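> Output the structure for:
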Amino acid sequence: MSSGASNRSAATVDKPVSLKRNSEDIGWEYGVLVDLNDLNVIQCKLCPKVVKAGMYRLKLHIAQKRGQVTPCPNATPEDIAWCKQAIDDSSKAKKARLMEQQEVRDNVVIDVPSDKEDETGLHEIGSASQATVGPMDKVTKPLDASSLGIPFNAINNEEFDQMLEAAGRYGPGAKKPYQREKLLHEEVSDTKEMLKLQENEWAKNGCSIMTDAWTDQKRWSIMNMCVNCSIGTSFLESKEASSESHTGELIFQYVNSCIEKVGAQNVVQVVTNNASNNMAAKDMLYVLKPNIFWSSCATHTINLMLEDMGKMKKFTSIVDQAKALTIFNYAHHKTLSLMRKFTKKRDIIRPGVTRFSGGASIEPKGVPVLQ
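Below is the predicted model:
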């Protein structure tokens with residue numbers, strides 16, 4: 001009895017602590033952390049080897065790449081292939097990141113004026129000599145980003161990298177651009193240039209006018225107009241209509257004015273939801289422009305169908321049980337954490353407030369805007 005217990009105790013001591021970092025790296029299939037206090041010390045699962053330089057060194061050990069670490073004697077050809085592939089993928093990703101950073105720097109173009117007068121007060125901030133090595137915080141003045149409304153993650157922007165590159169190339173005496181006039185005009189010109197391709201598509205294959213009316217948290221009523229074609233969707237204009245009644249006449253006049261801006265010969269259809277005021281505007285538009293279709297929003301139609309199906313007796317109890325389960329899970333953080341653990345961080349689809357954008361999906365990022 002004593003001998004057996006002693007053997008089990010010795011085995012427990014010799015066995016490494018079965019711990020791993022929260023990572024999807026394939027290397028954790030072959031190693032475990034020895035000590036939580038040092039995340040770079042990892043023991044190989046295939047042999048007693050302990051590496052003290054992190055997961056990359058362990059993958060070199062499994063892949064039997066000589067030079068930095070001794071190869072694993074127990075690694076199978078499949079293990080070696082997996083780790084070699086992981087190392088190659090990591091190397092390619094690193095090279096791609098370096099190339100992207102270089103591309104960002106290469107895109108910086110500086111127009112240096114003939115007179116570089118020092119009117120910026122840089123001598124009050126730091127040394128006028130150019131720093132060739134070291135972080136910029138050694139030669140700059142601390143800035144309270146929160147007081148300016150700048151989010152902290154703005155430092156990860158490519159534009160921020162380009163700004164630093166331009167400042168470094170220019171050197172002392174750089175002048176900041178005008179805040180409104182020049183930059184605003186350039187932005188408007190760029191946006192109009194982006195829209196030319198879509199405008200050509202409107203004339204070639206036609207387009208759809210889509211309405212998107214909604215109310216914000218302060219109860220301001222906003223009516224948006226968007227134009228959709230085969231290339232994509234662009235925002236046309238918006239109207240604040242909190243003081244007006246959203247009658248069919250109002251919607252008809254607004255939609256008709258947008259049709260005239262786009263060109264009636266280019267518009268194939270108008271897409272709205274199924275509200276009664278939109279249906280009234282539909283009848284008015286048919287009288288004025290009978291060649292333009294008025295289509296009901298497919299998203300809104302399907303939503304109404306599902307809502308009515310959920311009210312049927314055969315589905316009511318199931319829907320109520322699903323709601324109760326969802327409410328219970330999301331009201332208890334431990335239960336929610338357990339659910340996400342076994343569902344691989346997937347959430348239950350929960351019903352919520354749906355906003356319709358004329359039956360088509362409008363992506364807010366990168367959508368050109370024309371005012």
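> What ranges does the stretch 151-300 of the chain have for its helices?
With helices called from DSSP state H, counting those that start in this stretch, the stretch 151-300 of the chain shows them at 158-170, 181-205, 248-262, 276-288, 298-310.
> So for residue 89, which of these sits nearest?
When the helices of the stretch 151-300 of the chain are compared by CB to CB, helix 158-170 sits nearest residue 89, at 23.4 Å. C-beta here means a position set from N, CA and C on the backbone, and glycine is covered the same way.
> list the buried ones in the closest one?
Across helix 158-170, burial judged by 16 or more other CB atoms under 10 Å covers 161-162, 165, 170.
> Can you name every helix or strand that that helix contacts?
helix 77-106 (3 or more CB pairs under 8 Å, 6 or more residues apart in numbering; DSSP states H and E).
> Kindly calculate the angle that the helix it packs on makes with helix 158-170.
Helix 77-106 runs at 60 degrees relative to helix 158-170, counting by axes from the mean of the first three to the mean of the last three CA atoms, to 10 degrees.
> chain center to helix 77-106: distance?
Relative to its chain's centre, helix 77-106 lies at 23 Å (CA atoms, centre = their mean, to the nearest Å).
> So for that helix, mean pLDDT?
The pLDDT scores in helix 77-106 average 84.
> and it, which residues are buried?
79-80, 82-84, 86-87.
> tell me, how many neighbours does residue 26 end up with?
16 (other CB atoms under 10 Å).
> The one 10 residues further on now?
Other residues near residue 36 come to 10 when the count uses other CB under 10 Å.
> which one among the buried residues of helix 77-106 gets closest to residue 275?
Closest to residue 275, out of all of the buried residues of helix 77-106 and judged by CB to CB, is residue 86, at 55.0 Å.
> Could you tell me the model confidence score at the residue lying closest to the closest one once chain neighbours are set aside?
Distances taken as CB to CB, 6 or more residues apart in numbering place residue 26 nearest to residue 86, at 5.0 Å, with adjacent residues excluded. Residue 26 is assigned a pLDDT of 77 by the prediction.
> Output the below-cut-off pLDDT ranges for the stretch 201-350 of the chain.
Where the stretch 201-350 of the chain drops to pLDDT under 70, the residues are 349-350.
> Kindly present the helices of the stretch 151-300 of the chain as a markdown table, with separate columns for distance to residue 39.
Listed next are those as a markdown table, based on distance: least, CB to CB, whole Å:
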| stretch | distance to residue 39 |
| --- | --- |
| helix 158-170 | 29 |
| helix 181-205 | 46 |
| helix 248-262 | 58 |
| helix 276-288 | 59 |
| helix 298-310 | 47 |
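> To residue 43, which of those helices lies closest?
Of those, nearest to residue 43 by CB to CB is helix 158-170, at 39.3 Å.
> mean confidence for the closest one?
Mean predicted lDDT for helix 158-170 stands at 79.
> quick one: buried residues of stretch 265-278?
266-273, 275, 277-278.
> Can you tell me what sits against it?
Residues outside stretch 265-278 that contact it (CB atoms under 8 Å, 6 or more residues apart in numbering) are 202-203, 206-211, 228, 246-248, 251, 255, 259, 281-282, 285, 292-297, 300-301, 304, 356, 358-360.
> With stretch 310-320 instead?
Under CB under 8 Å, 6+ apart, the answer for stretch 310-320 is residue 309.
> just the CA coordinates of that stretch, formatted as CSV?
Taking Å, rounded to 0.1, in the frame of the first residue of the first chain, the C-alpha atoms of stretch 310-320 are listed here in CSV:
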residue,chain,number,x,y,z
GLY,A,310,-45.0,33.2,-33.9
LYS,A,311,-48.5,34.0,-32.8
MET,A,312,-49.9,30.7,-34.0
LYS,A,313,-50.9,28.3,-31.3
LYS,A,314,-48.6,25.5,-32.5
PHE,A,315,-45.5,27.8,-32.2
THR,A,316,-46.5,30.0,-29.3
SER,A,317,-45.2,27.6,-26.5
ILE,A,318,-41.9,27.0,-28.3
VAL,A,319,-41.3,30.7,-28.8
ASP,A,320,-42.1,31.4,-25.2
